[in-house]
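> sharing a sequence plus its predicted fold:
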Amino acid sequence: MLMFILRRIGTMLLTMLALTFIVFYLVTLPGNLEKLAKTEGEMRMTDAEVQAWLDKEGFNRPFLVQYGEWIGNTVRGDMGWSRVFRKPVSEVIGERLGYTGILMFWVMAVMVPGALIIGVLAGMKEGSTLDRTLTVGSVASTSAPEYVTGIVFTVIFASALGWFKGIASTRSITFENFTLPVMTMAIYGMGYIARMTRASMAEVMTSQYIRTARLKGLSFRSVVLKHALRNALIAPFTVIMLQFPWLLTGVVVVETMFNYKGFGFALVEAAGNNDINLLLAISWVAVIVVLLTQLISDIGYAYLNPRIRVS
Amino acid sequence: MVETIGTGEIIIQSIARFWPTWIAMAVTMIGGYFIREQLGIFGRLYGSRIGMVGLGLVLFWIFTAVFANQIAPLGPLDQSFTFGMKKALPGTIDSESGIVFLWGGDNLARDIFSRVVYGSAIVLVIAPAATLIAYMVGSTLGLPAGYYTGTIDMVMSFLANLVLAFPVILLFYLLVTPEVNQPVPLNLGIVTLPWSIPIGMAAFFFIFPILFLSLMWFTKYEKNTTKLTLYLAVTLVVGLWLYSGLVFNADPFGMVGMAPNELNIFAAVILGSSPGVFRIVRGLTMDIKTRDYVAAAQTRGERPWYIMLWEILPNARGPLIVDFCLRIGYTTILLGTLGFFGLGLQPESPDWGSMINHGRAFVRLADTAHIALFPAVALMSLVLGLNLLADGLREEALKD
């Protein structure tokens, strides 16, 4: 087990290194640097002035030197200065991650129980009307990406009915503000988790020990609650963990749509304004989140299911 | 005074405008019913209600894309200069031309109905084509990874996971910004080719269909020289002709070409979805490789690539067809995401993502909400159709 974790962490570090290398390469392409120089300096800079500015800022040094310097600083916790926010990057990231964390917490709090309940209800009796209805519902929810549900919800609940607000502010987290973004994000992921839960539940319900439990006279209710549920929830656990990278795209869409100034919004601003340091830090954090959740899901799966032992 | 028509009439007229689609759908569905025995898994869809609904939705958009010129009353970029047509409500009549803007007008007074119809043509070309190429890339790499395993598998899986670990949205932002994909002339001595990172990626990805087909012919007709030469020649000539036109915009006849914007999106979408294909093909190959017929082929002394392409791949077609449908839907969503962030095609392009992006500024007022609503619903219905179709196919495939 320890070897397994160590090896996974090794791969993780290698992946991180490779990805930041690619990002670093892409953001420091000549075109991007020229744009950066012009926005920082003056729009009508001559080519020579641009070069002088790049020399001064150290962008004309060999690529590997710059990259090595960035890695060294990042590992020590100094991620540089954000040119857009005029603040240290680590401060921006910390603040924004906090806001997104609040949003994610509510999304998870709505999505996970909802999806598990739908999945268990559907998988309980395979082929029943309830199962069919819930399955079609789950398919429909996975077909509607955030930018579609977000718009449909805003039109119905904010513009037409006026129940909720179409804008979510980071300063006031109220039911009125948060319902639409949370619903938008939760619904897209919910269908997928529900379908996984359903498949897993349906499989468990056909197994021998469930039949035995039924034959010894237990009620359907207690068979489902006591015998089936625990085994059926192993597979969805992995799926839920693997949802995080997916939610990341969702966060960017939802935060842009509802003007919620979190991590995703920072990404859009950083990319739009070519804020190199911030962009690098964001990709660094995003990659860590993705890889960590993968690691947790692998370890958790092995831990929850004793039949699967990592080799 | 701006004249409008009622909701009931909007619905009736909308249905009526799609008449070529309805006729084509009826012909296809009824015709398909009579030859359903020959259609394999698609024929068995007639037994599944969910699958039929999905098929219906998908066919609807396919035929709408095909007959876009007949259905749309106006061009996708035609603006009306009549007073009051900007952000016009659904059902407003353009008093000058007499055309009803069934789904309203956008902020530049263009007919949303026509734009959605023309948008379907863009979405239904890019999404399936990109998925198809992603499939060829994923299969060509996934088959050997699953068949040989070992070091090849390790390296390729690492690369696939690398791309998968990358937040899609960040990848798009980095690849599709104008600064990154400005083509620079690259002098190769004989010819000068435009070069940029997306073009390089496209050059890499677009070689796979040619490679894939050539490998197929080569392994199948190794002993039949005439057939092999013929097939290979056709593949290479047509393939390289399309390749030069699509990737480098250097078609010697000037017939095939792609705008740089489209190429960037193509490359980005293929990069985003081929690792997923790689993973599923690799997994299926590892599973199927243990079957008896593969062992039989190995004993016959067949080459590994023959076994992969002609023994393993055809037997993996069930799950792959299902995944293909799902993946077209996913690609459509990706395209929409690109459009949503304004990274997609030209801003005036009528693809659904870009339309949603333009309309979302107006979504908070009930009077202008329709600008984003109609393309959003269109996109959702297409993806829903594809997902339901995949579900129906999966159900029918499991019945064996």
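Yep, that arrived.

> from here on, contacts and neighbour counts on C-alpha atoms
Will do.

> would you mind listing what in chain A touches chain B?
Counting by C-alpha under 8 Å from any C-alpha of the partner chain, the residues of chain A close to chain B are A:15, A:18-19, A:23, A:26-27, A:29, A:31-32, A:35, A:136, A:139-140, A:143-145, A:147-148, A:151-152, A:154-155, A:158-160, A:166, A:245, A:248-249, A:252-253, A:257, A:267, A:271, A:283, A:286-287, A:290-291.

> filter these down to the buried ones, PyMOL style.
One line in PyMOL is enough to select the buried members of the residues of chain A next to chain B, burial here meaning 16 or more other C-alpha atoms under 10 Å in any protein chain shown:
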select buried, chain A and resi 15+19+23+26+27+31+32+35+136+139+140+143+144+145+147+148+151+152+154+155+158+159+166+245+248+249+252+253+257+267+271+283+286+287+290+291
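
> I'd like to know how many residues surround residue 204.
Answering for chain A, as no chain was given. 22 (other C-alpha atoms under 10 Å in any protein chain shown).

> you looked at the wrong chain, it should be chain B
For B:Phe204, the neighbour count with other C-alpha under 10 Å is 13.

> buried ones in whatever helix or strand it lives in?
Assigned by DSSP states H and E, B:Phe204 belongs to helix B:197-220. Buried residues in helix B:197-220, counted by 16+ other C-alpha under 10 Å: B:197-203, B:205-220.

> kindly report the same for stretch B:308-328.
Of the residues in stretch B:308-328, those buried (16+ other C-alpha under 10 Å) are B:308-309, B:311-313, B:316, B:318-320, B:322-328.

> beyond the one helix or strand B:Leu124 maps to, next helix or strand please.
According to DSSP H and E, B:Leu124 maps onto helix B:112-148. The helix or strand immediately downstream of helix B:112-148 is helix B:150-165, counting by DSSP H and E.

> tell me the buried residues in that following helix?
Within helix B:150-165, the residues that qualify as buried by neighbour count (16+ other C-alpha under 10 Å) are B:Asp153, B:Met156, B:Ser157, B:Ala160, B:Leu162, B:Val163, B:Leu164, B:Ala165.

> please identify which of those residues is nearest to B:Thr92.
Checking the buried residues of helix B:150-165 against B:Thr92 with C-alpha to C-alpha, the nearest one is B:Leu164 at 46.4 Å.

> check the gap between the closest one and B:Val277 for me.
Distance, B:Leu164 to B:Val277, by C-alpha to C-alpha, to the nearest Å: 11 Å.

> before we move on, the earlier item: helices or strands next to the helix holding B:Leu124 in the packing?
For helix B:112-148, the packing partners by 3 or more C-alpha pairs under 8 Å, 6 or more residues apart in numbering or on different chains; DSSP states H and E come out as helix B:49-66, helix B:68-71, helix B:150-165, helix B:197-220, helix B:260-288, helix B:317-340, helix B:352-359, helix B:370-398.

> cross the residues of chain A next to chain B against helices and list the overlap.
Within these, residues falling in helices by DSSP state H are A:15, A:18-19, A:23, A:26-27, A:31-32, A:35, A:136, A:139-140, A:143, A:147-148, A:151-152, A:245, A:248-249, A:252-253, A:257, A:267, A:271, A:283, A:286-287, A:290-291.

> show me the two of the buried residues of stretch B:308-328 that sit farthest apart.
B:Glu311 and B:Ile328 (25.4 Å).

> how is the chain divided into domains?
Let's take chain A. Listed domain ranges for chain A are A:12-78, A:94-264 (source: automatic domain parsing).

> my question was about chain B, not that one.
B:3-121+B:350-398, B:125-328.

> endpoints of the shortest one, how far apart?
By that I understand domain B:3-121+B:350-398. Domain B:3-121+B:350-398 has an end-to-end distance of 55 Å (criterion: C-alpha to C-alpha).

> quick check: mean pLDDT of that domain?
Domain B:3-121+B:350-398 carries an average pLDDT of 82.

> now do the contacts for the residue of the stretch 1-150 of chain B found nearest chain A.
Going by C-alpha to the nearest C-alpha, chain A is nearest to B:Ile50 of the stretch 1-150 of chain B, at 8.0 Å. B:Ile50 makes contacts with B:Leu388, B:Leu389, B:Asp391, B:Gly392, as judged by C-alpha atoms under 8 Å, 6 or more residues apart in numbering or on different chains.

> dump the residue contacts of the second one.
Just to be clear, that refers to B:Leu389. Contacts of B:Leu389 (C-alpha under 8 Å, 6+ apart): B:Ile50, B:Gly51, B:Met52, B:Val53, B:Gly54, B:Leu55, B:Cys325.

> try it again with 6 Å
B:Gly51, B:Gly54, B:Leu55 (C-alpha atoms under 6 Å, 6 or more residues apart in numbering or on different chains).

> repeat for the third one
Applying C-alpha under 6 Å, 6+ apart, we find B:Asp391 in contact with no residue.

> that one and B:Phe81, how far apart?
Separation of B:Asp391 from B:Phe81 (C-alpha to C-alpha): 46 Å.

> next one: the second one
Going from B:Leu389 to B:Phe81 by C-alpha to C-alpha gives 42 Å.
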